[in-house]
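Q: Below: sequence and its predicted model.
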Amino acid sequence: MKCSNKKSGFTLIEVVVALAILGLVLGGAISTVNQYADQRGFMNTKMIGSQVAWNVLVDQYRRSENWVVKSGYKGRSGDVKKGVEKQNGQDWVWELDIEPAVGKDMFRYEASVSLRGSNRRVSSLSLYIIQD
């Protein structure tokens with residue numbers, strides 16, 4: 001009479017090793033997805049901040065070209081203009097610094113943008129405008 005001692009299935013060690021490998025692979029995948037989400041949020045914030053700064057500079061350019069009524073604002077050297085713009089459901093605080101540049105009528109406009117409640121600058125753009 002022949003007796004068969006052959007058992008089918010996995011040993012406990014094989015199951016533990018497989019679970020450890022699976023844990024490492026899933027941990028790496030989750031870490032990668034998390035980094036992607038963080039970078040996407042950072043880039044979205046930078047893009048919106050740059051758009052707010054660009055809006056401020058374009059508004060100043062329109063004023064310098066007399067495309068809009070100037071409402072008493074001269075926009076000359078040493079002036080600092082501040083404001084808040086709502087974009088993407090958030091309040092963006094911007095500051096426009098105007099400094100003289102090369103030449104008699106040329107000025108450098110720099111728009112700096114940050115989120116309300118934060119001192120960290122998100123974006124900063126500059127534009128040179130010749131004024132009459």
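A: Good, I have the coordinates.

Q: quick one: least confident helix or strand in this protein?
A: In the chain, the helix or strand scored least confidently by mean pLDDT, DSSP states H and E is strand 80-87, which has a mean of 87.

Q: chain center to that strand, what's the gap?
A: 17 Å (Cα atoms, centre = their mean, to the nearest Å).

Q: Helix or strand next in line after it, which one?
A: strand 90-100 (DSSP states H and E).

Q: which of the residues in that next one are buried?
A: Across strand 90-100, burial judged by 16 or more other Cβ atoms under 10 Å covers 92-98. Yep, even glycine has a C-beta here, placed from its N, CA and C like the rest.

Q: same question, stretch 120-132
A: Buried residues in stretch 120-132, counted by 16+ other Cβ under 10 Å: 122-125, 127, 129.

Q: Farthest-apart pair in those, please.
A: 122 and 129 (23.0 Å; Cβ to Cβ).

Q: can you list the weak-confidence ranges in this structure?
A: 1-6, 69-80, 132 (pLDDT under 70).

Q: For it, just list every one of the helices.
A: Under the criterion DSSP state H, helices of the chain are mapped to 12-64.
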